[in-house]
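>>> kindly return the folded structure for what I paste below:
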Amino acid sequence: MGLFDQIGASISKTAKEVSEGAKTLSDKNRVRKDIAAIENELRNRFREIGEKLFELTGSNPDPEFAELFTAITELKAALAEKNQELIALDGKYACPKCGTVNPRDAKFCQSCGAPAPEAAEPAPAAPAAQGICANCGAQLAPNAVFCAACGTKAAPAAPAQPAAPAQKVCPNCGNAFEPGAVFCAVCGTKAPDID
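The predicted structure is shown next:
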């Protein structure tokens with residue numbers, strides 16, 4: 001065998017080894033990816049089992065799981081409290097009946113019509129240019145029909161602004177419905193186009 005034949009055979013052998021090595025590396029990566037997907041699916045299934053077990057036995061857990069269940073219950077309460085805090089910082093409150101987030105000064109839930117909780121704080125006062133309640137002296141929000149502090153109907157200070165064409169108005173008190181609201185936030189009347 002000549003020198004060039006030996007070099008050619010060596011190059012061919014090396015190319016074959018590199019090709020086989022690349023195929024092996026590709027196969028290993030494919031298998032690793034499959035393993036990771038299966039492990040992820042296992043974690044999801046175990047999480048589902050845990051959630052289902054908590055739902056089914058959370059009120060009366062097996063003594064072996066009691067400490068974990070207590071920790072989960074405490075974490076859920078802390079999470080709910082932080083969500084309420086965030087909603088309050090946005091100037092709103094969550095309806096205790098259905099969970100819908102409403103403006104803080106709403107006296108009724110816009111989705112289910114439930115009365116606002118007593119703990120809902122009144123909205124911050126609007127600037128003085130917007131008007132003052134004749135009954136209690138509180139500053140009125142822009143286009144307010146009722147005083148947020150005492151509920152007295154506001155006297156119009158200026159000609160009423162025409163409502164936007166797509167905005168619904170409560171037939172009972174004249175308050176503008178929030179987009180998607182089923183009930184009036186001021187008086188609790190159901191929106192006229194809701195069955």
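
>>> can you list the domains in the protein?
Per automatic domain parsing, the structural domains of the chain span 3-86, 102-158+166-195.

>>> pull the number of nearby residues for Ile7.
Neighbourhood size, Ile7 [other CB atoms under 10 Å]: 10. Quick note: C-beta positions are derived from backbone N, CA and C, even for glycine.

>>> sorry, slip of the keys, the one I care about is Ala9.
Ala9, neighbours per other CB under 10 Å, totals 11.

>>> what's the answer for Phe69, then?
If we define neighbours as other CB under 10 Å, then Phe69 has 17 of them.

>>> likewise for Leu140?
With other CB under 10 Å as criterion, Leu140 counts 24.

>>> what of Gly113?
Neighbours around Gly113, by other CB under 10 Å: 19.

>>> how many neighbours does Lys153 have?
Close neighbours of Lys153, defined as other CB under 10 Å, add up to 14.

>>> do you know how far the nearest residue to it once chain neighbours are set aside is from Cys109?
Computed as CB to CB, 6 or more residues apart in numbering, the closest residue to Lys153 that is not its neighbour in sequence is Phe146, at 5.6 Å. Distance from Phe146 to Cys109, counting by CB to CB, to the nearest Å: 16 Å.

>>> which one of those two is surrounded by more residues?
For Phe146 versus Cys109, neighbours defined as other CB under 10 Å are more numerous around Cys109 (27 against 20).

>>> quick check: the closest residue to that one other than its chain neighbours vs Gly180, distance?
Closest residue to Cys109 apart from its sequence neighbours, by CB to CB, 6+ apart: Cys95 at 4.0 Å. Using CB to CB, one gets 14 Å for the distance from Cys95 to Gly180.

>>> ok, the two, which is more surrounded?
Cys95 (22 against 9).

>>> and the pLDDT for that one?
Confidence at Cys95, expressed as pLDDT, is 89.

>>> ok, it - contacts?
Shown in contact with Cys95 (CB atoms under 8 Å, 6 or more residues apart in numbering): Val101, Asn102, Cys109, Ser111, Cys112, Ala114, Ala116.

>>> isn't the fifth one right up against Cys98?
Yes. Under the criterion of CB atoms under 8 Å, Cys112 is in contact with Cys98, at a separation of 4.3 Å.

>>> could you pick out the longest helix of the protein?
When the chain is parsed with DSSP state H, its longest helix is helix 3-57.

>>> brilliant, that's me finished.
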